[in-house]
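Engineer: sequence and predicted model, in that order:
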Amino acid sequence: MRIDVVTIFPEYLAPLDLSLVGKARARGQLDVRLHELREFTHDIHRTVDDTPYGGGPGMVMKPEPWSEALDTVVASGPGEGAVPTLVVPTPSGRPFTQELAQQLAAEPWLAFAPARYEGIDRRVIEDAADRMPVVEVSIGDYVLAGGEVAVLVIVEAVARLLPGVLGNAESHQDDSFAPGRMADLLEGPVYTKPADWRGREVPEVLLSGHHGKIARWRREQAFARTLAHRPDLVARWRREEMDKHDLKA
Ligand SMILES: NC(=O)c1ccno1
């Protein structure tokens, strides 16, 4: 997978050199390219923002530097009409979920447009959407000073799903929200040695070696955790159960 990030703060993306993503880059599984937005300005002050039309607080990111930057990204691609999926982190985007992470992990090329200030001139997104898939994504119901942190979150969540990136290929199959048996379920508690630590013992079933009992215990724990922390997911189960039995009035 190739990942391009256009940003005014490339240093914010330094963590992409570390750990899981860093190792994947070193192994050639990920090709991450950073582009400094100010390189696409042409005034002495390297201006990337201006006041908003219609008034209001803050500044809006100008369209020209962004369009030049995105044009450069696309032009540097493999050609033959290949374009990236443009991911735009924004509080007003669709929720970033494990399912969306799986969808993005299936793409060969992602480009990220993290905004600063009050956001990017809307026409940049509209112009891009004429040439490539655009996904506006929110990592949560809160506002950050800029989208770079959201890029780190999304890239890590996507990269760990790429074949060969996680040591144990099965590791993410039992993640919270993973498609299949963990869909809409939160992962339960995990334990490791020592079996007795500060008088707190590991649940006996986990020491039993009985795989069926262990799997049932883990599912019970996942249900309990989901009931406690995400009753909205439980409501979804009930609705799907109801739909299965066609209990509609
Ligand atoms: N909630 C978000 O995804 C976000 C992106 C930029 N600011 O906030």
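Structural biologist: Great, that's in hand.

Engineer: report the buried residues of the longest helix along the chain.
Structural biologist: As assigned by DSSP state H, the longest helix anywhere in the chain is helix 211-229. By neighbour count on 16 or more other CB atoms under 10 Å, the buried set for helix 211-229 is W217, R218, Q221, A222, R225, T226. Using the backbone N, CA and C atoms, a C-beta is placed for each residue, glycine as well.

Engineer: quick one, what contacts the first one?
Structural biologist: When contacts are counted by CB atoms under 8 Å, 6 or more residues apart in numbering, W217 is found next to P203, V205, L206.

Engineer: select only the buried ones of these in PyMOL?
Structural biologist: Here is the PyMOL command that selects the buried residues among the contacts of W217 (16+ other CB under 10 Å):
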select buried, resi 206
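
Engineer: nearest to I154 among the contacts of W217?
Structural biologist: L206 (33.2 Å; CB to CB).

Engineer: so the closest one sits right up against T192, yeah?
Structural biologist: No: using CB atoms under 8 Å, L206 makes no contact with T192, being 10.0 Å away.

Engineer: between the buried residues of helix 211-229, which is nearest the ligand?
Structural biologist: Ranked by distance to the ligand (CB to the nearest ligand atom), the buried residues of helix 211-229 are led by T226 at 23.2 Å.

Engineer: was I right to think that closest one contacts E187?
Structural biologist: No: counting by CB under 8 Å, T226 stays clear of E187, with 9.5 Å between them.

Engineer: P95: neighbour count?
Structural biologist: 11 (other CB atoms under 10 Å).

Engineer: run a quick neighbour tally on the residue nearest to it when sequence neighbours are not counted.
Structural biologist: Spatially, and ignoring its direct neighbours in sequence, P95 is nearest to S138 (5.8 Å; CB to CB, 6 or more residues apart in numbering). A total of 17 residues lie near S138 under the criterion other CB under 10 Å.

Engineer: one step back: okay, the longest helix of the chain in PDB with CA atoms only?
Structural biologist: Taking Å, rounded to 0.1, in the frame of the first residue of the first chain, the C-alpha atoms of helix 211-229 are listed here in PDB:
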ATOM      1  CA  HIS A 211     -10.400 -24.700  24.400                       C
ATOM      2  CA  GLY A 212     -14.200 -24.900  24.200                       C
ATOM      3  CA  LYS A 213     -14.600 -23.600  27.700                       C
ATOM      4  CA  ILE A 214     -12.000 -20.900  27.100                       C
ATOM      5  CA  ALA A 215     -13.800 -19.700  23.900                       C
ATOM      6  CA  ARG A 216     -17.200 -19.700  25.700                       C
ATOM      7  CA  TRP A 217     -15.700 -17.700  28.700                       C
ATOM      8  CA  ARG A 218     -14.100 -15.200  26.300                       C
ATOM      9  CA  ARG A 219     -17.400 -14.700  24.500                       C
ATOM     10  CA  GLU A 220     -19.200 -14.200  27.800                       C
ATOM     11  CA  GLN A 221     -16.600 -11.700  28.800                       C
ATOM     12  CA  ALA A 222     -17.000  -9.900  25.500                       C
ATOM     13  CA  PHE A 223     -20.800  -9.800  25.900                       C
ATOM     14  CA  ALA A 224     -20.500  -8.500  29.500                       C
ATOM     15  CA  ARG A 225     -18.000  -5.800  28.400                       C
ATOM     16  CA  THR A 226     -20.200  -4.700  25.500                       C
ATOM     17  CA  LEU A 227     -23.300  -4.600  27.700                       C
ATOM     18  CA  ALA A 228     -21.400  -2.400  30.200                       C
ATOM     19  CA  HIS A 229     -19.700   0.000  27.800                       C
END
